[in-house]
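*Asks:* Based on what follows, work out the 3D shape:
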Amino acid sequence: MGNETSAHERAAALLGEHPGYRVLRALPPLAAYPITEPQGHVRTAAVIDVETIGLDGDHPIIDLAIQRIAFDARGVIVQVGQPRQWFEDPGMPIPAEITRLTGITDADVAGKRIDVDEAVSLIASTTVAIAHNAAFDAPRVERRLPTIASHAWACSCNEVPWPELGFDGRKLGHLLMQQGMFHQGHRAAVDVWATINLLGRVLPDGETALAKLIRQAEQPSVRIEATNAPFEAKDVLKARGYRWHADKRTWWTEIATAGEAGELDWLRDACFCTQPKLTPVTWAQRHRD
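*Replies:* Just a heads-up that it's a prediction; the model follows:
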């Protein structure tokens with residue numbers, strides 16, 4: 001086995017040196033993850049992923065995974081905990097398209113339940129929960145585990161400036177490939193491990209993606225709802241990056257607190273919106289609709 005592995009590594013190295021090839025490596029096992037001595041203050045995070053029976057907010061979870069990490073003042077991962085994963089019976093058949101996507105069948109989840117006490121304990125013991133698309137995971141996890149509803153969340157998909165760092169896109173698998181890695185996605189535990197590996201890699205500027213994520217997520221922001229903007233302003237608002245909230249029937253955005261005054265001036269001048277609703281946001285409120 002050792003000789004075969006060495007031969008594969010030599011072949012991969014040879015291909016990697018050729019401009020016509022790109023070598024992708026499978027994610028390393030937990031035991032092989034590189035760990036360094038911490039520098040400065042150490043904090044913890046719970047990296048989380050869920051699979052559900054659909055995209056609607058009330059669709060139940062069928063797969064939940066949580067894995068804790070510790071990181072130091074540099075944003076370097078200095079400890080990785082054991083993964084915990086649970087199936088949960090949704091009380092209804094899993095749609096065929098979800099089974100095709102995740103491989104999870106009715107038989108896998110039959111009679112299974114999330115260990116709520118353990119899941120809550122894992123998350124509550126950390127500084128922040130991290131998910132790759134926290135706007136999807138956070139509300140669903142909090143609905144299933146309501147006692148952690150005030151916990152901080154960070155989004156590795158949208159709170160890391162991937163395009164500015166030279167990456168194409170924000171999808172987990174695509175980002176991994178651009179870092180020379182691949183995984184078999186759409187299972188909660190696998191996606192959690194992929195997220196940890198993505199965040200732990202040192203980027204060309206010498207920082208980890210985790211360092212950039214934590215720095216951004218900790219910053220306060222303000223949610224601006226253009227509550228009295230005229231209908232005719234919808235295209236201008238959309239082009240500005242505002243999103244439509246169907247339940248509240250208003251256009252909204254979230255920006256850094258430092259940019260609030262300038263954004264209010266823009267709303268007044270471009271949209272004749274003089275009384276927007278402003279809501280301060282921290283990482284304990286962010287990613288909830």
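*Asks:* How about the secondary structure of residue 176?
*Replies:* The assignment at residue 176 comes out as helix when based on DSSP: H, G, I helix; E, B strand; the rest coil.
*Asks:* That one reaches residue 183, doesn't it?
*Replies:* Yes. With contact taken as C-beta atoms under 8 Å, residue 176 and residue 183 are classed as touching, separated by 6.2 Å. C-beta here means a position set from N, CA and C on the backbone, and glycine is covered the same way.
*Asks:* Need the residues touching each of those two.
*Replies:* Listed contacts common to residue 176 and residue 183 are 27, 194; contacts here mean C-beta atoms under 8 Å, 6 or more residues apart in numbering.
*Asks:* So, low pLDDT: which residues of the protein?
*Replies:* 1-5 (pLDDT under 70).
*Asks:* The lengthiest helix in it packs against which elements?
*Replies:* Ranked by residue count, the top helix of the chain under DSSP state H comes out as helix 2-16. Contacting helix 2-16 under the criterion 3 or more C-beta pairs under 8 Å, 6 or more residues apart in numbering; DSSP states H and E is no other helix or strand.
*Asks:* Could you export that helix as PDB, CA atoms only?
*Replies:* Only the C-alpha atoms of helix 2-16 are listed here, as PDB (Å, rounded to 0.1, in the frame of the first residue of the first chain):
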ATOM      1  CA  GLY A   2       2.900   2.400   0.800                       C
ATOM      2  CA  ASN A   3       4.600   1.900  -2.500                       C
ATOM      3  CA  GLU A   4       1.300   2.400  -4.300                       C
ATOM      4  CA  THR A   5       0.600   5.600  -2.400                       C
ATOM      5  CA  SER A   6       4.200   6.900  -3.200                       C
ATOM      6  CA  ALA A   7       3.600   6.100  -6.900                       C
ATOM      7  CA  HIS A   8       0.300   8.100  -6.900                       C
ATOM      8  CA  GLU A   9       2.000  11.000  -5.100                       C
ATOM      9  CA  ARG A  10       4.800  11.000  -7.700                       C
ATOM     10  CA  ALA A  11       2.300  10.900 -10.500                       C
ATOM     11  CA  ALA A  12       0.300  13.800  -8.900                       C
ATOM     12  CA  ALA A  13       3.400  15.900  -8.500                       C
ATOM     13  CA  LEU A  14       4.400  15.300 -12.100                       C
ATOM     14  CA  LEU A  15       0.900  16.300 -13.400                       C
ATOM     15  CA  GLY A  16       0.800  19.300 -11.000                       C
END
